[in-house]
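> Return atomic coordinates for the entry below.
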Amino acid sequence: MSTPSPIERSVAAPTVWHRLDRFLARLRPHREPLSLAIDSAIVAIAWNITYLFRLGFERWMSARPNYDVWVLIGITATYALAFRLARTPQAMWRFSGFGEIQRIALACAGAGLLSAVLVLMAQLSAVPRSVLALHPFVALMGLALVRLVFRAVYEHARGRITGSEQEIRRAIVMGAGEAARRLLAGIHRQGWIVLGLLDDDATKQGARIAGLPVLGPLAAIADKAVRGAATHVIVAMPAATPAQRRRALELAAPTGLPVLTVPSPDELREAGAGDARSPIDRVRDIEPEDLLGREPVQLDEAGIGEVLRGKTVLITGAGGSIGSELCRQVARYAPSRIVLYELSEFNLYTIEQELTENFPAIALTRLIGDVKDLEHLRATFQKWQPAVAFHAAAFKHVPLMEEDDNALAALRNNTLGTYHAALAAAESGTGRFVLISTDKAVNPTNVMGATKRAAEMVVSMMAAEHPGTRFMAVRFGNVLGSSGSVIPKFKEQIARGGPVTVTHPDIIRYFMTIPEAARLVLQAAAIGESGQVLVLDMGEPVKIVDLARDLIQLSGHTLEEIPIVFSGLRPGEKLYEELLADADDTVATGFQRLRVARLNTDPAPAQHLIGWLRQPASATRPDDARQRLAHCVPEFRRGH
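A predicted model of the protein is given here:
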């Protein structure tokens, strides 16, 4: 037999309270028949105690009639029937209180009365009348006492296990590898009881890992007998492929238990090395990115580092969901300075504080600025001379921008703002300018998408007019968790108890994570040529209703508890999005699942649109915004 590892030794010595809770957890699937059996035994003991009280120790056995055993069996059966009718076996003893005792009292009174009537009708006169009268009270005291003792022991055990009054959490762990061993080494100190593990490795099944049994393959999570009294499922498979993790989540979702996971390899690498607690202990809720089941894109880290290391980098919209992640990703490559350009004071302060704490060696310039202010942008670029500029500032909420009064604001911010930033970059000699675009720019059916398509055309126009700067764009689908995206809305609705609203049962979207999006932008800066749009092959699109259903189930709810309601397509919304238009030529790159679209764009429409937007009179004519936008982007067709 092999010597246990230090991790296994640390787990193999749980307290007596952990062992007691595991023992009770194994019994809990059989709670109802076991409760009925215990109650029946207490009724029988109470019958004997009543005789003892009535006849005394010397006569409590000898003075009984010879048929007393049959009377006892009949009375016990009567009480058992009363308990079933009162539903006392379904009650959880750890929550016993006055209401439960009241229900037991009624059951005892009814059963005691019925038993007395039956004994008298059968003319069993040797059974003392006082025993028949006292027995229901003695039985009630016994039944109440055993419940109160159980509750007291449970609450004491809970306090010793969790260190507080919170409920004991019992988990089935999916995965029995090294991550599970490390998880088990510390999780019981946080108030968890692990009942067992599951793993598809046949050599592990039936074995004990760190003192706990491997109960079967991952698919066994569907078996109630295997789950037992578990309150949570923990997926401990950080080294598995995204597809394997996705399969584990799909198996866990129908259980109706909340599903947690250990951190991913990226999260473990980024965790603070000085933390006293192993990062693997930090189980967390399932995030939407866990559901994608897609291999991450492999990027040219060396090439990106060459572009950014030791350089000044400017980011517009630096405090937004994409912009802030861009800041984090850029900081990893040790630029000499990051110029944070942001309109929101709070967002700017938040990202500046985070970067200062995590990357103290990088100089930060914090600027409140509006991309519609050309002179301020010019002064900023001239002063700081960035080598690379990432343009993430944009209005992106589709239904909000469909409002007639907001269409011009979207056009001025998204399209004119792009022109201002690009012009300031060209005039200051910036080497690379990257526009953050969207799949909604392809065959747009809404104002937001059309303004971003116009912004791409501006980038193409600037590439032709200013060859000294590389102008490029990066186009991707919906970003999980970004501001205005559907995921935060789903989470809020689930937290409120539902319902979860989905616009249409057939609506689909391409999804990617915020870090994926930010890395794609950096890759565009490293390999993109002027006038190009870098596009990620995002795999299969995701049905929004499936995503909503998964989030509901993985939070421990059923679709009956939190229903999905279809609210209808919103203005400008499409059932599906596209990453390439028919007129866009694609060019292969040296990176798997990355491709480049070379925009087939005549610069004249973009020039006319920018010329109109720069006129002061355009600000007073919002009704012309859609018409001007449609002239510049002929494929723009207003959707639903």
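> Just give me how far stretch 381-389 sits from the chain centre.
What separates the centre of stretch 381-389 from the centre of its chain is 38 Å, taken as Cα atoms, centre = their mean, to the nearest Å.
> An error on my part: the question was meant for stretch 607-614.
Worked out by Cα atoms, centre = their mean, stretch 607-614 lies 44 Å from the chain centre.
> shift numbering so it begins at 38
Right, with 38 as the first residue, what we last looked at is stretch 644-651.
> Identify the residues contacting that stretch?
For stretch 644-651, the external contacting residues (Cβ atoms under 8 Å, 6 or more residues apart in numbering) are 448-449, 452-453, 456, 491, 495, 498, 655, 661, 665-666, 668-669. To be clear about C-beta, it is placed using only N, CA and C from the backbone, and glycine gets the same treatment.
> which of these count as buried?
448-449, 452-453, 456, 491, 495, 498, 655, 661, 665-666, 669 (16 or more other Cβ atoms under 10 Å).
> Looking at the residues you listed, which two lie furthest apart in space?
Spatially, the most separated pair among these is 498 and 661, at 20.8 Å (Cβ to Cβ).
> Can you give me the domain boundaries for the protein?
As assigned by automatic domain parsing, the chain contains the domains 53-199, 205-323, 344-517+548-575+615-669.
> so which of those domains is the most packed in?
domain 344-517+548-575+615-669 (a mean of 20; mean count of other Cβ atoms under 10 Å).
> sorry, back to before: could I get the buried ones among the contacts of stretch 644-651 as a markdown table with pLDDT, secondary structure and distance to residue 87?
Shown next, in a markdown table, are the buried ones among the contacts of stretch 644-651 (pLDDT from 0 to 100; DSSP: H, G, I helix; E, B strand; the rest coil; distance: Cβ to Cβ, whole Å):
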| residue | pLDDT | secondary structure | distance to residue 87 |
| --- | --- | --- | --- |
| 448 | 92 | helix | 89 |
| 449 | 93 | helix | 89 |
| 452 | 95 | helix | 90 |
| 453 | 95 | helix | 92 |
| 456 | 96 | helix | 94 |
| 491 | 93 | helix | 91 |
| 495 | 94 | helix | 94 |
| 498 | 92 | helix | 98 |
| 655 | 66 | helix | 96 |
| 661 | 82 | helix | 95 |
| 665 | 87 | helix | 95 |
| 666 | 87 | helix | 90 |
| 669 | 89 | helix | 95 |
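> Turn those residues into CSV, columns for distance to residue 323.
As requested, the buried ones among the contacts of stretch 644-651 are exported to CSV (distance: Cβ to Cβ, whole Å):
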residue, distance to residue 323
448, 39
449, 40
452, 38
453, 41
456, 42
491, 38
495, 40
498, 44
655, 47
661, 47
665, 45
666, 40
669, 43
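> so where is the stretch 188-337 of the chain shaky, pLDDT-wise?
Along the stretch 188-337 of the chain, segments meeting pLDDT under 70 span 193-204, 226, 228, 301-318, 325-326, 329-336.
> now do 90
Counting by pLDDT under 90, the stretch 188-337 of the chain contains low-confidence residues at 188-208, 212-233, 238-253, 260-269, 273-287, 289-337.
> three-state assignment of the closest residue to residue 141 other than its chain neighbours?
Computed as Cβ to Cβ, 6 or more residues apart in numbering, the closest residue to residue 141 that is not its neighbour in sequence is residue 180, at 5.2 Å. The three-state label given to residue 180 by DSSP: H, G, I helix; E, B strand; the rest coil is helix.
> so residue 180 touches residue 145, yeah?
Yes. Counting by Cβ atoms under 8 Å, residue 145 is a contact partner of residue 180 at 7.2 Å.
> Now do residue 215 against residue 275, distance only.
9 Å (Cβ to Cβ, to the nearest Å).
> so what sits against both of those two?
By Cβ under 8 Å, 6+ apart, residue 215 and residue 275 have no common neighbours.
> Out of the domains of the chain, flag the one nearest residue 538.
Among the domains of the chain, domain 344-517+548-575+615-669 sits nearest to residue 538 (Cβ to Cβ), with 12.8 Å.
> and the end-to-end length of the closest one?
Taking Cα to Cα, to the nearest Å, domain 344-517+548-575+615-669 runs 34 Å from one end to the other.
> Measure how far that domain is from the centre of its chain, please.
That offset, for domain 344-517+548-575+615-669, works out to 29 Å (Cα atoms, centre = their mean).
> next one: stretch 120-131
Relative to its parent chain, stretch 120-131 has a centroid offset of 36 Å by Cα atoms, centre = their mean.
> Could you do stretch 76-87 as well?
Per Cα atoms, centre = their mean, the centroid offset for stretch 76-87 relative to its chain is 51 Å.
> Give me the phi and psi angles of residue 471.
phi -120, psi 120 (degrees, to the nearest 10).
> Next: the one 10 residues further on.
Reported as degrees, to the nearest 10, the phi and psi values for residue 481 are phi -60, psi 140.
> dump the residue contacts of it.
Taking Cβ under 8 Å, 6+ apart, we find residue 481 in contact with 487, 489-490, 670, 672-674.
> Tabulate those (TSV), appending pLDDT, distance to residue 280 and secondary structure.
As requested, the contacts of residue 481 are arranged in TSV below (pLDDT from 0 to 100; distance: Cβ to Cβ, whole Å; DSSP: H, G, I helix; E, B strand; the rest coil):
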residue	pLDDT	distance to residue 280	secondary structure
487	92	36	helix
489	93	32	helix
490	91	34	helix
670	87	38	coil
672	82	36	coil
673	84	38	coil
674	74	37	coil
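> for residue 583, helix, strand, or coil?
Using three-state DSSP, the structure places residue 583 in helix.
> Show me the shaky parts of the stretch 488-637 of the chain.
Applying pLDDT under 90 to the stretch 488-637 of the chain flags residues 511-535, 540-599, 604-637.
> any idea where the strands of it begin and end?
Remark: strands assigned in the stretch 488-637 of the chain by DSSP state E, counting those that start in this stretch are 507-513, 515-517, 537-539, 545-546, 548-550, 569-573, 579-580, 601-603, 622-625, 631-635.
> Please produce JSON lines containing those, extended by distance to residue 612.
As requested, those are exported to JSON lines (distance: least, Cβ to Cβ, whole Å):
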{"stretch": "strand 507-513", "distance to residue 612": "19"}
{"stretch": "strand 515-517", "distance to residue 612": "14"}
{"stretch": "strand 537-539", "distance to residue 612": "12"}
{"stretch": "strand 545-546", "distance to residue 612": "7"}
{"stretch": "strand 548-550", "distance to residue 612": "15"}
{"stretch": "strand 569-573", "distance to residue 612": "21"}
{"stretch": "strand 579-580", "distance to residue 612": "10"}
{"stretch": "strand 601-603", "distance to residue 612": "13"}
{"stretch": "strand 622-625", "distance to residue 612": "24"}
{"stretch": "strand 631-635", "distance to residue 612": "22"}
